[in-house]
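Colleague: Output the structure for:
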Amino acid sequence: MEYTLKKNTISLNEEYEVIVCGGGPAGVAAAISAAREGAKTLLLEGSSVLGGMSTNGLVNMFTNMTDGIRNVYGGIAQKIINRMKSYMLHVNQDEWKTVPIDFERIKQIYDQEVTAAGATVLFQSTVCGVEMKDDRNIDVILVSNKKGLTAYRAKVFVDCTGDADLYAWADKEFELGDETGDFMPATMCFTLTNVDDYGVPYIEKPYGGKHRDMIHRILDDGKYDIIDDHYVMKKIGPRTYTFNAGHVFDVNATDPESLSKGLMEGRRLARELHDAFREYAPAMACSYLVQTSPMMGIRESRRIIGDYRFTVQDYLDRSSFPDEVYRGKYQVDIHTREDIKRDDDVTKKTDSVVQYGRYGEGESYGVPYRCLCPRDLDNVLVAGRTICSDRASNGTLRVMSSCLCAGEAAGMAAKHACDLEQINIHNVDTQVLRRRLMEEGAYLPKYDTDQF
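Modeller: Down below sits the predicted model:
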């Protein structure tokens with residue numbers, strides 16, 4: 001059934017050169033970067049805070065950012081995380097392997113960094129559609145907020161929705177899930193307070209030795225409705241810990257009915273986990289469940305078809321590219337239904353790490369600019385977990401530090417595209433782009449392009 005709108009004209013805003021859709025890590029970095037380059041920039045965010053998974057998602061850490069010699073995720077990512085760490089006195093200021101997140105502090109840092117760069121932010125403003133100028137260019141996006149429905153026009157749009165919404169609404173081909181249509185499970189993260197710090201060392205690291213005992217005793221006894229041992233715990237303040245624990249299966253982030261069911265199941269599971277922890281872990285016997293995340297922790301969504309498809313072979317080869325715009329090193333981390341099966345030595349969640357391996361000291365891979373460029377669109381760039389890749393390599397590209405770097409490159413490239421005589425994101429001079437990114441602190445080894 002269809003319905004024809006009786007009111008067929010809406011207000012149009014044409015003030016901005018670059019509009020960034022989605023205020024997660026990728027969107028924050030894109031808005032900062034575009035505005036810093038001189039573009040009049042608008043950042044649209046559907047919730048009330050910036051940060052996405054790093055704030056609303058309660059994902060408890062930026063993980064594995066170092067190659068053992070240096071932080072490979074530089075630029076805006078390093079600046080923002082360094083600012084946050086400076087307020088966290090219990091965190092080693094030189095530590096880059098795993099950095100716990102102070103959610104309230106980083107919310108304010110995002111606000112400050114975006115506005116200081118000169119970008120405008122609209123909260124509670126959801127992008128809900130696109131109108132095409134022609135087959136390769138978006139003319140306007142439609143935004144829903146307290147003003148009703150408004151159209152916004154820009155020279156270049158940056159899709160940081162986390163689900164490649166603009167790209168999909170432009171009716172372009174995408175990949176979603178695995179070959180059977182299955183998705184990596186989601187997780188509802190949560191925060192506990194009044195945890196006994198003294199007793200935490202016995203439960204904090206569940207993937208080795210005695211630290212596995214607590215979660216496995218819970219599973220073996222079968223009293224609680226918990227089916228797997230996914231469990232990561234991080235301290236963010238005095239007697240306060242965040243948990244990335246449990247799996248919620250069959251959540252399609254692009255389907256509102258599926259997502260709604262997943263959110264309810266996630267909240268149920270978080271409560272179940274907390275009740276179990278209170279019984280089985282003395283350190284958490286008097287703990288209090290402060291919050292479940294307002295946003296479901298989604299690991300997998302649409303993946304665009306771009307000018308280059310990053311593959312797991314690129315990960316295995318430690319590939320470098322003449323147009324690479326950031327480096328990565330996080331392992332291929334794929335969560336599957338097999339996570340619920342375990343033995344005494346290793347969880348099945350590590351299958352992807354065993355299969356593809358971890359990097360050694362000094363090793364990283366490059367991500368080419370072409371992965372951010374939709375093959376069939378000329379005025380849209382994409383950043384975040386939805387960049388062009390195969391499913392396996394998306395298991396390394398999807399993490400938040402990677403999204404911050406992709407966003408910085410996309411925002412900068414958007415302004416560079418605006419300055420072309422004829423706007424086309426595919427014609428951006430990637431060597432100029434790389435030089436500017438390095439000037440802003442990106443780690444981009446100066447490879448001799450003659451070798452490519």
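Colleague: For Thr430, give me the backbone phi and psi.
Modeller: phi -70, psi -20 (degrees, to the nearest 10).
Colleague: show me what contacts the closest residue to it other than its chain neighbours?
Modeller: Nearest non-adjacent residue to Thr430, counting by CB to CB, 6 or more residues apart in numbering: Asp323, 3.9 Å away. All C-beta atoms are positioned from the backbone trio N, CA, C, and that covers glycine. Contact analysis of Asp323 by CB atoms under 8 Å, 6 or more residues apart in numbering lists Pro368, Tyr369, Arg370, Thr430, Arg434.
Colleague: what's the distance between the residue lying closest to Val200 once chain neighbours are set aside and Asp196?
Modeller: Leaving aside its sequence neighbours, Val200 sits nearest to Ala283 (CB to CB, 6+ apart; 5.3 Å). Applying CB to CB, to the nearest Å, the value for Ala283 to Asp196 is 4 Å.
Colleague: who's more crowded, these two?
Modeller: More crowded of Ala283 and Asp196, by other CB atoms under 10 Å: Ala283, with 21 against 14.
Colleague: got a pLDDT number for the more buried one?
Modeller: With respect to pLDDT, Ala283 has a value of 92.
Colleague: can I assume it is in contact with Gly199?
Modeller: Yes. With contact defined as CB atoms under 8 Å, Ala283 counts as touching Gly199 (3.0 Å).
Colleague: that older thread, out of the contacts of Asp323, which are inside helices?
Modeller: Thr430, Arg434 (DSSP state H).
Colleague: between the contacts of Asp323, which is nearest Ser319?
Modeller: Pro368 (8.8 Å; CB to CB).
Colleague: Quickly list what the closest one is bridged to.
Modeller: Assessed by DSSP bridges, Pro368 has beta-bridge partners Glu324.
Colleague: List the contacts of it.
Modeller: Per CB under 8 Å, 6+ apart, neighbours of Pro368: Tyr308, Phe310, Phe321, Pro322, Asp323, Glu324, Val325.
Colleague: If we use 10 Å, what do you get?
Modeller: Pro368 sits next to 306-308, 310, 314, 319-326, 387-388, 409, 430 when contact means CB atoms under 10 Å, 6 or more residues apart in numbering.
Colleague: which residue packs closest to Trp169, ignoring adjacent ones?
Modeller: Val130 (4.6 Å).
Colleague: Arg153 is in contact with the one you found, correct?
Modeller: No. Taking contacts as CB atoms under 10 Å, Val130 lies outside contact range of Arg153: 11.0 Å.
Colleague: In terms of neighbours, single out the busier of these two.
Modeller: Neighbours per residue, other CB under 10 Å: of Val130 and Arg153, the larger number sits with Val130, 23 against 17.
Colleague: My reading is that the more buried one lies in a strand. Confirm?
Modeller: Yes. Counting by DSSP: H, G, I helix; E, B strand; the rest coil, Val130 falls inside a strand.
Colleague: Residues in a beta bridge with it, which ones?
Modeller: Bridge pairing for Val130 - DSSP bridges - gives Ile141.
Colleague: Local confidence estimate at it?
Modeller: 98.
Colleague: Could you tell me which ranges of the protein sit under the pLDDT cut-off?
Modeller: 7, 202-212, 339-350, 447-452 (pLDDT under 70).
Colleague: Go ahead and confirm Gly43 touches Ala26.
Modeller: Actually, residue 43 is Leu rather than Gly. No. Contact criterion CB under 10 Å: Leu43 and Ala26 do not qualify, at 11.1 Å.
Colleague: quick one, what contacts the residue nearest the centre of the chain?
Modeller: By CA atoms, centre = their mean, the mean C-alpha position of the chain lies nearest to Met400, the distance being 4.1 Å. Contact analysis of Met400 by CB under 10 Å, 6+ apart lists 24-26, 51-54, 57, 59, 61-63, 65, 73, 77, 81, 101, 330, 384-385.
Colleague: Thank you, goodbye.
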